[in-house]
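Visitor: coords please:
(one chain, ligands or ions: 1)
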Amino acid sequence: MRNNRKIMIAGNWKEHFTVAQASIYLHRLEEAVQNRQSIEVVLLPNVLTLQPLSVQLDRRKFRLGAQDGYFEDAGAYTGEVSMAMLRDLVHYVLVGHSERRHVFNENDDVAAKKMQAAVRNGIMPILCVGETLQERLAGETNQILHNQLSAGLMNLTAREVSASVIAYEPVWAIGTGEFAKPDQVARATDFIRKQVEHLFGARAATHVRILYGGSVDDHNAGSFLSLDGCDGALVGGASLNYHKFAGIVETAYRVHQERITRR
Ligand code: PGA
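Guide: Residues are numbered from 1 along each chain as shown. Now for the predicted structure:
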């Protein structure tokens, strides 16, 4: 069954760029990235730069997302920025990125609360799931994906899940240059879609977008984007290079054009 899911290319800038640097970089990116309406291009800069970039941004080309957001809307939570504070600035928010899980010890319970806070505030969450190398070698990949998905999506309605995005990001592939093989990505994205079908029904499974992330660049992007069940890419390192990021967007556009002609 062919799908109508719009391909998403999301650039996670992580803890890079000051406000001034982000502005200059966005300027270059806007020159490099072509206006491709059929591809959804999302930028995830640090929280400090969201406000100025939202003014500067060419909305025909890009949407903004946050890298994180706290689940309590307001209160005595020193240092946190809530989803309620982000809601007018961003379309998307990452939830459960592996760096949040492993560097900041966020567990599935926190991810579940953040998912709920995002949808409550009208922000579309991008739930990140994926196994460590140890877990893959122990044959636990599907179990980990099952656990992270069922916890993360808990208490969401089928409709909310349909509008959400899930990013399959094997921890061993993030920032290592060692990207997953396309058949590993195909198996994982198929498994994730089946889990969504099992938990939320066929309609949610058909609509939910599933991305791959982990050392995606302009050379390997095509091999993931051309997989039937892979609806885009979450790009870290390569999103900090406007040539590479623009190249990934063009690859997505080419894949989209090929899909249309095959229909
Ligand atoms: P990477 O990061 O592309 O640098 O591997 C991906 C991510 O963390 O989302």
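
Visitor: For residue 76, see how far away the residue nearest to residue 217 when sequence neighbours are not counted is.
Guide: Using CB to CB, 6 or more residues apart in numbering and skipping the chain neighbours, the partner closest in space to residue 217 is residue 238 (4.2 Å). C-beta here means a position set from N, CA and C on the backbone, and glycine is covered the same way. Residue 238 is 39 Å from residue 76, where distance means CB to CB, to the nearest Å.

Visitor: so what's the closest residue to the ligand within the chain closest to, chain neighbours aside?
Guide: In the chain, the residue that lies nearest the ligand is residue 236 (2.2 Å; CB to the nearest ligand atom). Counting by CB to CB, 6+ apart, residue 12 is the residue found nearest to residue 236 once chain neighbours are left out, at 5.0 Å.

Visitor: Against residue 178, how distant is residue 172?
Guide: 7 Å.

Visitor: For those two, indicate the residue with more neighbours.
Guide: residue 172 (21 against 12; other CB atoms under 10 Å).

Visitor: and the residue nearest to the more buried one when sequence neighbours are not counted, how many neighbours?
Guide: Nearest-residue entry for residue 172: residue 133, 3.9 Å, with adjacent residues in sequence omitted and distances by CB to CB, 6+ apart. Residues contacting residue 133 under the criterion other CB under 10 Å number 13.

Visitor: Same check on residue 228?
Guide: 12.

Visitor: The ligand contacts on the stretch 101-250 of the chain?
Guide: 169, 174, 175, 213, 214, 215, 216, 234, 235, 236, 237, 238 (CB under 6 Å from any ligand atom).

Visitor: Report the buried members of the residues you listed.
Guide: In these, burial by neighbour count holds for 169, 174, 213, 214, 215, 216, 234, 235, 236, 237, 238, counting by 16 or more other CB atoms under 10 Å.

Visitor: circling back to that earlier point, JSON lines for the residues of the stretch 101-250 of the chain next to the ligand, including secondary structure and pLDDT?
Guide: Listed next are those as JSON lines, based on DSSP: H, G, I helix; E, B strand; the rest coil; pLDDT from 0 to 100:
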{"residue": "169", "secondary structure": "coil", "pLDDT": "98"}
{"residue": "174", "secondary structure": "coil", "pLDDT": "95"}
{"residue": "175", "secondary structure": "coil", "pLDDT": "93"}
{"residue": "213", "secondary structure": "strand", "pLDDT": "98"}
{"residue": "214", "secondary structure": "coil", "pLDDT": "97"}
{"residue": "215", "secondary structure": "coil", "pLDDT": "96"}
{"residue": "216", "secondary structure": "coil", "pLDDT": "98"}
{"residue": "234", "secondary structure": "strand", "pLDDT": "98"}
{"residue": "235", "secondary structure": "strand", "pLDDT": "98"}
{"residue": "236", "secondary structure": "coil", "pLDDT": "98"}
{"residue": "237", "secondary structure": "helix", "pLDDT": "97"}
{"residue": "238", "secondary structure": "helix", "pLDDT": "98"}
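
Visitor: For residue 49, state which of those residues is nearest.
Guide: Top of the list for closeness to residue 49, among these and by CB to CB, is residue 236 at 16.4 Å.
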